[in-house]
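Trainee: need a 3D model of the sequence below.
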Amino acid sequence: MKFRGEQISLTASTFWFMCAKTVAYAFNFALPLVLVRRLNQHEYGLYKQVFLIVGTAVITLPVGFGMSAYYFLPREEARGRVVLNILLFYLRIAATLALEPPIWQSDYFDRYLRSSESYSDKWQYVEQNPVRAGLVGHVEDWPYHGTINDLMF
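Mentor: Here you go, the predicted model:
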């Protein structure tokens, strides 16, 4: 590797690589510790789910192409063409994934019970399901009517 007309040794390159890996490890260790203190339980759980999905995609989608590409990377000056092909490959994968339809429905709305009024509205809706389905004439006629545990807000 050349830098301003000088030859950088393999030892120096390895040292900087190890420094970067150490900093990355420190961030990966410290970030969850900070986030668990700053986010509530739901937000932290959402962060962990997204982190797992993205981490799995980053590992599995390239199918080891990056590491195998470095194995075949020439040491001569023709390296630019190979690097360009690798970048184009990753851009093509990213474009293909960007064209995928969204996972969530477009009219998605969360159904969290935030208050006793919200709970009451949802319970009345669920309670009326057998009547709306035509299974019984009145809610009290449904044999599974009632609650096992009352939720308190």
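
Trainee: which strands or helices does whichever strand or helix holds residue 53 pack on?
Mentor: According to DSSP states H and E, residue 53 maps onto helix 41-60. Here helix 41-60 touches helix 10-38, going by 3 or more CB pairs under 8 Å, 6 or more residues apart in numbering; DSSP states H and E. From N, CA and C alone the C-beta is placed, and that goes for glycine too.

Trainee: do you know how far the residue lying closest to residue 123 once chain neighbours are set aside is from residue 63?
Mentor: Using CB to CB, 6 or more residues apart in numbering and skipping residues adjacent in sequence, the residue nearest residue 123 is residue 147, 8.0 Å away. Distance, residue 147 to residue 63, using CB to CB, to the nearest Å: 51 Å.

Trainee: domain parsing for the protein?
Mentor: Domains of the chain are assigned by automatic domain parsing as 2-98, 110-153.

Trainee: same list (those domains) but as CSV, adding mean neighbour count and mean pLDDT.
Mentor: CSV is the format used below for these (neighbours: other CB atoms under 10 Å; pLDDT from 0 to 100):
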stretch, mean neighbour count, mean pLDDT
domain 2-98, 10, 81
domain 110-153, 10, 81
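
Trainee: just to revisit the earlier point, helix, strand, or coil at the residue nearest to residue 123?
Mentor: coil (DSSP: H, G, I helix; E, B strand; the rest coil).

Trainee: and the residue sitting nearest the centre point of the chain, how far from residue 59?
Mentor: By CA atoms, centre = their mean, the mean C-alpha position of the chain lies nearest to residue 50, the distance being 2.1 Å. Applying CB to CB, the value for residue 50 to residue 59 is 15 Å.

Trainee: cool, residue 120 as well?
Mentor: 46 Å.

Trainee: from memory residue 36 sits against residue 44, does it?
Mentor: Yes: using CB atoms under 8 Å, residue 36 is in contact with residue 44, at 5.8 Å.

Trainee: what is in contact with the two at once?
Mentor: Listed contacts common to residue 36 and residue 44 are nil; contacts here mean CB atoms under 8 Å, 6 or more residues apart in numbering.
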